[in-house]
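1. When you get a sec, could you give me coordinates for this:
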Amino acid sequence: MAAEVLREVVQDEWAYVVGLLPSNLDELAEATGALRRRRAITSGEALIRLVLAYAAEDWSLRQTAAMSRAMGWHTMSDVAILNRLRACPEFLRRVVSAVLARRLDVGRRPSMRVCLVDATTVSRPGSQGIDWRLHVVYDLFAMQLQSVQITDSSGGET
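-> Sure, this is the predicted structure:
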């Protein structure tokens, strides 16, 4: 994703992005321990913005900190950002599960437990092949992510 496109999404289209997310981001962030102290990051929405900025552009932690400061969001060190990101897995699982549950709201759930299992390949910019595989298991009955795992290119679906 080009930096200009990301900047446009983050600045001009952020309200649209937030509309796709669960309305209880603060509650989810607190319940999962992703948001404990409200200093630089004051809300679940600000935490999602930081995670998306880091993940979508594949910036280093220092680049994320610099861009965050430049865009006027908050001032944090790269180590502080790393600590925030390390606290986010359960928060992100619940956010993604809530988004998928809303999109897949079919009213009637299967009578038996059904899990959707998929893997996709991820490559670094300029890479000539597969760098990682992202494995996802979605529990259709519970309507939530059951597991997410990243392996190297040799990891197959199991």
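
2. now the residue in the chain sticking out farthest from the centre, what's its secondary structure?
-> In the chain, the greatest distance from the average C-alpha position (C-alpha atoms, centre = their mean) is reached by residue 111, at 30.2 Å. Three states are possible here, and by DSSP: H, G, I helix; E, B strand; the rest coil the one that applies to residue 111 is coil.

3. cool, and residue 151?
-> Residue 151 ends up strand, using three-state DSSP.

4. Which strand residues bridge it?
-> In this structure, residue 151 has the following beta-bridge partners (DSSP bridges): residue 133.

5. Hmm, it is touching residue 135, no?
-> Yes. Contact between residue 151 and residue 135 holds when scored by C-beta atoms under 8 Å: they sit 6.7 Å apart. (Each C-beta comes from the backbone N, C-alpha and C, glycine too.)

6. Who has more neighbours out of those two?
-> residue 135 (18 against 14; other C-beta atoms under 10 Å).

7. helix or strand for the more buried one, which one?
-> Assigning secondary structure by DSSP states H and E places residue 135 in strand 132-139.

8. Count the neighbours of the nearest residue to residue 34 once chain neighbours are set aside for me.
-> When the adjacent residues along the chain are set aside, residue 34 lies closest to residue 91, with 3.7 Å between them (C-beta to C-beta, 6 or more residues apart in numbering). Residue 91 has 22 neighbouring residues, counting by other C-beta under 10 Å.

9. Secondary structure class of residue 91, three-state.
-> When the structure is split into helix, strand and coil by three-state DSSP, residue 91 lands in helix.

10. Test my guess that it contacts residue 32.
-> Yes. Under the criterion of C-beta under 8 Å, residue 91 makes contact with residue 32 at 4.2 Å.

11. and residue 40, that one's in a strand?
-> No. Residue 40 is assigned coil when assessed by three-state DSSP, not a strand.

12. quick one, what contacts the residue nearest to it when sequence neighbours are not counted?
-> Computed as C-beta to C-beta, 6+ apart, the closest residue to residue 40 that is not its neighbour in sequence is residue 74, at 4.1 Å. For residue 74, the residues meeting the contact criterion (C-beta atoms under 8 Å, 6 or more residues apart in numbering) are 40-41, 46, 50, 68.

13. What about these, which one has the most neighbours?
-> Neighbour counts for the contacts of residue 74 peak at residue 41, which has 24 neighbours (criterion: other C-beta under 10 Å).

14. Many thanks, have a good one.
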